[in-house]
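Participant: Pasting a predicted model and its sequence here:
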Amino acid sequence: MDVTRILELDHREVEALFAKIERAEGKARTPFIEELAASLTAHMELEETIVYPAMRPVTGDEPVQEGETEHDLARKDLAAMVGLAPDEPGFGAALAAVQAGIAHHVEEEEGEVFPKVRRDGAKVLADMATPFMAKRLELGMPVSADALDASSTKAELADEAKQAGIKDAGDMSKGALAEALAKQMES
Ligand SMILES: [Fe+2]
Ligand SMILES: [Fe+2]
């Protein structure tokens, strides 16, 4: 399983939430703001506890330190934004600050850091899959069946399904394995 593909799908989800906040007005923004804050916070924790430490031997220290610093900045900007009412003057500027920081960070992860891990860290990626899935489960971050299917080989999904205690994993099709794993993460 290529967990970086799943992280990239999280990024797309965050971008979609930014767009929803921008399109909504006043109080109608609140549910999207809450979803954005929860989703970003969980994504950063997942990267900091599982992904960054595992990739460090491949990328070296600098990208990890940079990533952690950018996450800290994002958390501060996010807290400032959440502290303002969505119809309060200044909210737009606070939103723009969060969005710009995240856009920069995502560009680095997707443009430099993740490609390097894919290129030079195949084993690191493979070893990360099980703790990555366990941490997502703990954080309440389900992965869709489509995302699992697209980021993994059948053998990888069968392996994950066995680790997760899904019965008959050896006899299931790739799509069925992805469905079963996704379903387990939602429950
Ligand atoms: Fe990320
Ligand atoms: Fe990150």
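Facilitator: Arrived safely. Ligands and ions are numbered 1, 2, ... in the order given.

Participant: Could you show which parts of this protein are in contact with ligand 1?
Facilitator: 7, 109 (CB under 5 Å from the ion). All C-beta atoms are positioned from the backbone trio N, CA, C, and that covers glycine.

Participant: With just CA atoms, put the one helix or strand residue 62 maps to into CSV.
Facilitator: According to DSSP states H and E, residue 62 maps onto helix 61-82. Presented in CSV, the C-alpha positions along helix 61-82 are these (Å, rounded to 0.1, in the frame of the first residue of the first chain):
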residue,chain,number,x,y,z
ASP,A,61,16.1,15.2,9.0
GLU,A,62,15.4,18.4,7.2
PRO,A,63,12.1,17.6,5.5
VAL,A,64,10.8,16.1,8.8
GLN,A,65,11.8,19.2,10.8
GLU,A,66,10.3,21.5,8.1
GLY,A,67,7.1,19.5,8.0
GLU,A,68,6.7,19.6,11.8
THR,A,69,7.4,23.4,11.8
GLU,A,70,4.8,23.9,9.1
HIS,A,71,2.3,21.8,11.0
ASP,A,72,2.9,23.9,14.1
LEU,A,73,2.3,27.1,12.1
ALA,A,74,-0.8,25.6,10.6
ARG,A,75,-2.2,24.7,14.1
LYS,A,76,-1.6,28.3,15.3
ASP,A,77,-3.3,29.7,12.2
LEU,A,78,-6.1,27.2,12.6
ALA,A,79,-6.7,28.1,16.2
ALA,A,80,-6.7,31.8,15.4
MET,A,81,-9.3,31.2,12.6
VAL,A,82,-11.5,28.9,14.8
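
Participant: and residue 87, what are its phi and psi?
Facilitator: phi -110, psi 10 (degrees, to the nearest 10).

Participant: in the protein, which spans are helices?
Facilitator: Assigned by DSSP state H, the chain shows helices spanning 3-23, 30-46, 52-59, 61-82, 91-108, 114-120, 122-139, 145-151, 154-163, 174-186.

Participant: Can you report how many residues lie near the spatially closest residue to residue 71 that is not a sequence neighbour?
Facilitator: Of all residues not flanking residue 71 in the chain, residue 44 sits nearest, at 4.5 Å (CB to CB, 6 or more residues apart in numbering). Residues contacting residue 44 under the criterion other CB atoms under 10 Å number 20.

Participant: coming back round to it: now render the helices of the chain as CSV, adding mean pLDDT.
Facilitator: Formatted as CSV, the helices of the chain follow (pLDDT from 0 to 100):
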stretch, mean pLDDT
helix 3-23, 96
helix 30-46, 98
helix 52-59, 97
helix 61-82, 98
helix 91-108, 97
helix 114-120, 97
helix 122-139, 94
helix 145-151, 92
helix 154-163, 92
helix 174-186, 91
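
Participant: Could you report the pLDDT at the residue in the chain sticking out farthest from the centre?
Facilitator: Most distant residue from the mean C-alpha position of the chain: residue 89, 30.7 Å away (CA atoms, centre = their mean). In this model, residue 89 is scored at 92, pLDDT.

Participant: hmm, back to that, what lies in contact with the helix holding residue 62?
Facilitator: Contact with helix 61-82 is made by 33, 36-37, 40-41, 44, 47-48, 52-53, 55-56, 91, 94-95, 97-98, 101-102, 104-105, 108-109, 112-113, 116, as judged by CB atoms under 8 Å, 6 or more residues apart in numbering.
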